[in-house]
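1. predicted model, plus sequence, below.
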Amino acid sequence: MTENIFGVVGLFEDPAALLKAVPLVQSKRLGKLEAYTPYPVHGLPGVLGLSRSPLGGMVLVMGALGTLTAFLFQWWMNSVDYPLVVGGKDPSSWQAFVPIMFEVTVLFAAFTAGLGMLLLLNRLPDLWHPFLLSKSCAEVTRDKFALSIEAESGSLDVAAAQAILRQAGALSVEVVAFPAPASKVSLNALLALSAAGALTCALAGAGMYGAVKLFPVLPPMSHMLVQPRLDAQQRGMRPPVAGTVARGRMPYLGALGNPLPRTKAVLELGRKVFSNNCLICHGPLANGTPILTAAYGAKPANLQAKKFLSYTDGEIYHAIMHGKNAMPALGLGFTEDERWAVVHYVRALQRAQHAQDTDLP
Amino acid sequence: MMPALTIQRFWANWLVWMLMLLSAGLGALFVVALEHLTDARWSVPLRRTAERVSGLVVPGSVAALVALFSLKVLYPWARPEAVTMPLVMAKAGWLNIPFFIARTLVCVALWLLSWKVLAGGSLKQDESRALVWTLRLRRFSPFFLVVMGLTTLVVAFDWISSLEPEWYSDVIGVYLFSGMFLAGLSAVVLAVSHLIEKGRLPQVRFDHLYNLGAWMFAFTVFWSYIAFAQYLLMWYADLPEEVYWYQQRSHGPWRGLCLVLALAHFVIPFFALVPQDAKGDLKRLKRVAVLVLAAHFLDLYWLVFPVLGDRPLFSWPELSFACFFVGLAVLWVRRSMSQGADMPVGDPFLEEGLAFKL
Amino acid sequence: MLPELLRPEPLVEGSISAAVLDERVLAFPERRPPRAWFVAFAAAASCMSLGFALIGYTIVTGIGVWGNNRPVAWAFDIINFVFWIGIGHAGTLISAILFLFRARWRNGLARFAEAMTIFAVMTAGLFPLIHLGRPWLAYWLFPYPNQRGLWPNFRSPLMWDVFAVSTYFSVSILFWYLGLLPDLASLRDRTTSRARRILYTILSLGWRGSAGHWRHYEKAYLLLAGLATGLVLSVHSVVSFDFAVSVVPGWHMTIFPPYFVVGAIFSGFAMVVLVLAVVRRVMALEDLITLRHLELGNKVILGCSCLMGYSYLCEAFTAWYSMNPYIHHTFLQYISGTYGWAGWLAIACNTLVPQIFWLRRARRSLPVMAIVGVAALAGMWFERFTIIVISLYHDFLPSSWLVYKPTFVDYGILLGSFGFFFTCVLLFSRVLPVIATSEVKGSLHD
């Protein structure tokens, strides 16, 4: 029955006794030597001839990978795919990426250290290891130190192992067998398990469907549109009284025309502001074909429509300034010149789509 | 070259090297105080070496007193007749010559006193073997920590920050302190390795050196953390009275220096000390220590020299200053090495320290 | 022979064997807790329920039920967030930094302190979530490809917070779990109940303490300690960036990162010392968590308090030295004006009261510890109040000045956060070993 023997375990009182016993047992070369201790014992790996843990290198590599990942992610998202200007900084600036790079480095490195140690190097979980089923295991996790001679290629001289452990001063010696092989899983049990799984899935699905059907929108989902202090929150920098006209400013509605000359520079400015702000909804030709999908159901105005061709410059300016229908008031984000430049540019786009013979050179 | 600039250049060099001497001296003294404070064992065999290096506080203090003659040359606020910015004029309550001199005198007195107590007390214990000295030094060391904190703050604000009196940063004291401690550790490493090579510290092993290496590693990271945090905050907020300071230190030819500083003060020492074995490897520690001292010099140079103009000056005057002060420091420390025992033989914990195991 | 004063005290009073240690510490989860535990649990759980009820009210109604308003748009929620994150820092400091310093005295405290870290971070995490106003949209904070074609703004310090706090939380749990592993194995082997045995077997992953395993385990623990040290510095620094990258007077200060970290450790240690002073008594662990442990904790508190004083000094001096009238005004508001009392309270509690720990007798006296601990916690809470509310309530223009008044919901949620934290702590002390027995066994031996 030697095939069924995992090994022979001797228990020792303290680390010193264990360390002293190792060379003696080692000299006999009966099998693979392993020690089990309640806490790491200084010098034991050296005596047992264990190599150093390769974990440090793994952690360094994965940490570096974390740094790189975090940098590339942030750079691609905030500098390439959706360039974002924050605080007047260059969209490609790297400085503000550093904190997250650091955090992700630590995250990668820490989980490599923890999980790499447990799963990869130590091959845990291992819930059916023969040693766990031995009597010595409970002694070890309390206060004893075990030295075990384990069968190599299935054979072990049990009697010699017991003798040498006793000779080395073991308090007790235990022969540990492999656990009896687990009974085969029956087909019925497998079927029952699958049935239970399917039933759970079906129930969960039905429940979810019912929940979504019955309660599509719950009160918290009002997205804070209604709440007690909505009005109070408007305090702070007070907006001027309605109809206020700043000193030295002329109202622009009505007959007043565009104050800017229609020069190349102005049109270029208009193009820039339009491309950055208007184009995404009104489309590059201002014909109401948005770049964004119409996710919100809004239908941006087609500025090439007859209605808008007949607008005065002032009316277009007013729409930029105060918004129109679903379009938000965007005007305060620009200088007055930029607004008028956009008006020029919209005019140019309109004319390009409705060119007349006189426009030909 | 204009003579005025030559004078400025002389004093700028002087200032940098005075700070170098003080860094090595006070940093080493801090190593000594930490041992008393934390009741550490590993550093007992190395403590005498640290105490000897801390003797550099004396030439450093003398250099600081001499540097008082540089005020009118280097510091705009010291020529009130030439100050036009109201912002700077308003700071006259702090930035005026008599008060500045008084602050420097107080700092110098505190440094010399601390050195006398910490290094001298240990020597006295060698003779008398009286345990009371251990107690006295332990009680004194927290006060030295306070002294160190406050005086580095004053030095940072007075000698460095006020070169450009409109600029300010709260953390400059911590920044200077971390660099100084690192320089002190490096100087101690060099002195220890010299003694080991001469066979004068026979029982000092990997385990003792490992802790020195670990402290160097920790403070390399800490210095970088402080330096980057200060930069990030100023870069992000972009306030004119702050950010111009970085502007002039990170543009043009100074950009290259910034990169070198980042490499020499952080990247290379960090990766050199990251492996566990490297922290106690004397040869590697020695190389890193030389690099870190050079980086600390570059750091101080980068703090001081941009006030002279928009391109870095580095030529024979800088080299001769370097030769003079490095030579002075080496001679000074070697002289103290020829006196007394190489380890604190009167310390009751010396045996435990020698037996120290990681 | 060394004189009495120079010889370090033993970390464990009297002699205790590993087997007795197991009997004392690991038996807790199997025994019925004392009556005091139930009383404390009822009190904590009631506070917690109150807090969660008010959080529910907030979510259903909107954050208008709080006192927040312009210009004080950040108030109790952010104060509590910073406060609780700070409390968490002591645990990591004890488990990671003191481990690297090989300060053996940490072994007795580490487990409890790490648990407190996790619970404190959980408590803290609640606040940014409810501060969002629409917590069900919190997933917007994470970068995932979406229909809107948008990415989060990674240059926002609030985004850095998301990464810092979630990393901190997950790494703390990992670190804690690794420490627990050998103890779970002990629990597995000593329990008599079959259900518990199965549970502990799974939780311990079949840990068997082989020399080959310990070799990797020790390395992993060391690496994690190093990483956690950097992490703990970074977390509160990132929290401080929330304020310091702005241009708000009183927020934009370069000393904020290290100063926040020190403050965090200060308050965290105050909490650890306070809780352990009670726990060691109630659980009769006075010989394992000795007066020396508490004294060393108090020394850390004293050191941090001095560093806090240093930071206050730097801030006050730089505020004057900046010659910026807005900064001058804000700093005057810290010590005078509507909330001047809060500023003085913070200064007194954080820098003056702990100075009593220069006296050895005070460091070892339980009543003094309790007073200083409570003062430090109150002081640190009010410090964050000072930083957040006072810097905001007088905006640049006098037209934007407004006195902030918290509502009962604010107070209720604050109380609830303490309830949540202590409920977690009490549950932990009930189901898991409160002392890292494996580590203490190691230090018992030499």
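-> Arrived safely. Numbers count the residues shown, from 1 in each chain, chains lettered A, B, ... in the order given.
2. tell me where the longest helix sits in chain A.
-> Determined from DSSP state H, the single longest helix within chain A is helix A:187-214.
3. burial count for the residue in chain A that chain B sits nearest to?
-> Relative to chain B, the nearest point of chain A is residue A:95 (5.4 Å; CB to the nearest CB). For glycine as for every other residue, the C-beta is placed from the backbone atoms N, C-alpha and C. Using other CB atoms under 10 Å in any protein chain shown, the number of residues around residue A:95 comes to 14.
4. need phi/psi at it.
-> phi -50, psi -50 (degrees, to the nearest 10).
5. hang on, it packs against residue B:236?
-> Yes. Counting by CB atoms under 8 Å, residue A:95 sits close enough to residue B:236 to count as a contact (7.4 Å).
6. what is in contact with the two at once?
-> residue A:89 (CB atoms under 8 Å, 6 or more residues apart in numbering or on different chains).
7. coming back round to it: and the next element down the chain from the longest helix of chain A?
-> Per DSSP states H and E, the first helix or strand lying C-terminal to helix A:187-214 is helix A:264-277.
8. and that next one, which residues are buried?
-> A:266-267, A:269-271, A:273-274, A:277 (16 or more other CB atoms under 10 Å in any protein chain shown).
9. can you check stretch A:316-328 too?
-> By neighbour count with 16+ other CB under 10 Å, stretch A:316-328 contains the buried residues A:316-321, A:327.
10. could I get those as a markdown table with secondary structure?
-> Below are the buried residues of stretch A:316-328 laid out as a markdown table (DSSP: H, G, I helix; E, B strand; the rest coil):
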| residue | secondary structure |
| --- | --- |
| A:316 | helix |
| A:317 | helix |
| A:318 | helix |
| A:319 | helix |
| A:320 | helix |
| A:321 | helix |
| A:327 | strand |
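11. among those, which pair sits farthest apart?
-> In terms of CB to CB, those reach their longest pairwise distance at A:317 and A:327, which sit 13.4 Å apart.
12. neighbours around residue B:258, how many?
-> For residue B:258, using other CB under 10 Å, the count is 16.
13. nope, residue B:207 is what I was after
-> 13.
14. please look at it and residue B:358 and confirm they touch.
-> Yes. Residue B:207 lies in contact with residue B:358 (CB under 8 Å); the separation is 4.8 Å.
15. so where is chain B shaky, pLDDT-wise?
-> B:1-5 (pLDDT under 70).
16. how about the contacts made by the closest residue to chain C within chain B?
-> Using CB to the nearest CB, the closest approach of chain B to chain C is made by residue B:170 at 3.6 Å. Contacts for residue B:170 were tallied using CB under 8 Å, 6+ apart; they are C:253-256, C:311, C:314-315, C:318.
17. any stretches of the stretch 151-300 of chain A with poor pLDDT?
-> In the stretch 151-300 of chain A (pLDDT under 70), the answer is A:182-184, A:215-239, A:242-243, A:245-246, A:248-256, A:293-298.
18. can you pull the buried residues of the lengthiest helix in chain B?
-> In chain B, assigned by DSSP H, the helix with the most residues is helix B:3-38. Buried residues in helix B:3-38, counted by 16+ other CB under 10 Å: B:8-9, B:11-37.
19. which is the next helix or strand following that helix?
-> Downstream of helix B:3-38, the first helix or strand assigned by DSSP H and E is helix B:44-53.
20. and whichever helix or strand comes after that next one, what other elements does it pack with?
-> Note on helix B:44-53: by DSSP H and E, the next helix or strand toward the C-terminus is helix B:57-67. Applying 3 or more CB pairs under 8 Å, 6 or more residues apart in numbering or on different chains; DSSP states H and E, we find helix B:57-67 packed against helix B:3-38, helix B:97-115, helix B:316-337.
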